[in-house]
Every structure is written in structure tokens, then in C-alpha cells.
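> sharing a sequence plus its predicted fold:
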Amino acid sequence: MPILEVKDLSVSFIQYTSGLRQQNLQVINNLNVSVEKGEILAIIGSSGSGKSLLAHAILGILPNNAQVGGQILYKGKRLTQERQQDLRGKEIAFIPQSVNFLDPLMKVGKQVQTAVNHGDAIAAQRKAFERQNLAPHVEAMYPFQLSGGMARRVLVSTAIVSGAEVIIADEPTPGLDDKVIQEAMGSFRELANQGKAVILISHDIEMALQIADKIAVFYAGTTLEVAPVADFTNDGEGLRHPYSKALWKALPQNGFQPIGGSQPMPNQLPEGCLFQPRCKCFSHECISNRPDTRELRGGLVRCNHAC
């Protein structure tokens, strides 16, 4: 059983347009994804595809004008608002994209210590800082005294010391050099090997492939494919969805083959398949019918023609 499972998630926001007219903007539609203990799930997709919103929905930190549908299950039980509040930072830890999540008025060592739920907080913080190559004196510094890379390593340390069962990392590596990136990825792999579940949100498919067990491909607020990492090889013939194949072939080492068009905005979603305006394989069925997610060859895909 997955430790965390998202079923048909939808997220919309109530907004007001000119003339104070109210509209409901749908930004996530029928999104499905799951992660098991000991597994790293990497979520990739362009900006605006719903990656960070998924993390915020799981944690229950969406803004007040958000409306959420579908189900999010943790250990087989639905994550209600009360459970989200109880589990956040304890059993479900978050490494945010922005370093502004650090308290500017508290020394970073103390901030990491407050995330420790069991055992010696100071010892756990210092061990985590050593693992992240943060010098001992860094614990006495304030966030404004840190470089961007150091601040991100502090955030990673906060999740590590929490003892959480699920760690959600939202773009944890920007601003880090290659050596520190490899060390951070090693920390996530170590956590997974200890039985934790890690959700890694990233634009960097190459980095994700180095560490993940499976890849979820997001597009326009939904999941187009979930595939084992082993399927991202050769010319991508093991992949199921045309968009996944296009992402793979767009990498420089795979021919750098771009596709036309762009991801639609939430208020301009096409009828039928969300990818069909850019797909060379679309048919009348793709225009009139939005496909459901189905299992195929050990993965999941949302496509009428995948085989």
C-alpha cells in the first residue's frame, strides 16, 4: 500500500475579475500520484504544471480562496485539515522552494533544532549540518548571513532531523554547486533507504533520473504519465505518453528536439486531451474526450493512443 496516495485531486481558486465578477479558476484537474516507503518519486514538468500546488495541497497550506476536491490518503486514511495540521513537520516534512521560509529573527541552528521530534535536538542538528557540509559556526548565524546555497542546505537539514515518514522537497537544489547537489541527493537516497518516502519536485529531469525510482510527468495541472526511471533510456521507446517522449528527446544528449506550442494557461485549457494541440498523434477522439488515467506496462498514462 502506498504511504501517500493522491486520487483525482482538483484545486481551484476563487478570483474576481473586472466589475467584481467572481470566477473559479481550475489549476489542477484529476491529478493522480502515489509514493511508497523506501521510494523516491520525482515530479517533473514546466512552470505552472501544478508541481508546487500539489505539495501545498498535501500539507494543507493552500491559500484561503482555494477549493480542493478528490482525496489525499496518508497510510490509507484520508488527510483531513486536522490531520494535515497534526502531521505537518512531524510525519510529513516539507523542504520549500523559497529560502524565505526561514525565520529571519532566529539563528538557523535553533530553527533546525525545533524540528527535531525525538532525541537530542542539538546533536541531531549538528550531525545534519555536518552531513550537509555546513561548518559548526553556521548554527549561530541568522538567515540573512547565509548564501542561497547555505540556506537551502539548512532547509534540507530541517527535514532530515524531523524524522518524518514522508519528505516533500520542492526544487531543493537551485543555487547549489554540483558537489553539494550530489551530497543533497545522497541525503535523499539515504532517507529512502531507511524506509522514508521522498517526493522530489524538480524542473531538472537529468538530476531527477540520477536518484528517483519513478518519474511523474505533470502538464497543465494533471498527471500525464508515471513511469519507472528505467523507461527513460535510449530513444524513449519505453515511455507511454507523447509529452514524456518529447521531454526526453528535448535533452541535448538525445537530439535537442523541441516541440511547437506551449503549455496552456489554466483559463485557456483545450477541450479533450490537454496535450492534443501540440501532439502529432491526436485524433478526433482526443479533441472530444479527455482520457482517464490507466495502467500500462508497469506505469500509468493519460492518453487515448498509448500502447
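Cool, the structure landed. Numbering: from 1, shown residues only.

> separation between Lys179 and Ala93?
Noted for Lys179: a distance of 24 Å to Ala93, by Cβ to Cβ, to the nearest Å. Just so you know, the C-beta spots here come from the backbone N, C-alpha and C atoms, and that holds for glycine as well.

> can you map out the strands along the stretch 151-300 of the chain?
Chain-ordered strands for the stretch 151-300 of the chain, with DSSP state E, counting those that start in this stretch as the definition, fall at 166-170, 197-202, 214-219, 222-228, 294-296, 299-301.

> ok, the last one: who's next to it in the sheet?
Sheet partners assigned to strand 299-301 using DSSP bridges are listed as strand 222-228 (antiparallel), strand 294-296 (antiparallel).

> most packed of these?
strand 222-228 (a mean of 24; mean count of other Cβ atoms under 10 Å).

> how big is the angle separating it from strand 214-219?
With axes from the mean of the first three to the mean of the last three Cα atoms, to 10 degrees as the basis, strand 222-228 and strand 214-219 are set at 160 degrees to each other.

> so what touches strand 222-228?
Residues outside strand 222-228 that contact it (Cβ atoms under 8 Å, 6 or more residues apart in numbering): 28-33, 50, 213-218, 238-241, 243-244, 274-275, 293, 298-303.

> out of those, which end up buried?
Among the contacts of strand 222-228, those classed as buried by 16 or more other Cβ atoms under 10 Å are 28-33, 50, 213-218, 238-241, 243-244, 274-275, 293, 299-303.

> beta partners for the residue positioned nearest the centre of the chain?
Centroid-nearest residue in the chain, with Cα atoms, centre = their mean: Ile201, separated by 3.0 Å. Beta-bridge pairing of Ile201 under DSSP bridges involves Ile43, Asp170.

> in stretch 158-175, what's buried?
158-173, 175.

> can I get the strands paired with strand 299-301 in JSON lines with distance to Leu191 and mean pLDDT?
Converted to JSON lines, those look like this (distance: least, Cβ to Cβ, whole Å; pLDDT from 0 to 100):
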{"stretch": "strand 222-228", "distance to Leu191": "20", "mean pLDDT": "97"}
{"stretch": "strand 294-296", "distance to Leu191": "28", "mean pLDDT": "95"}
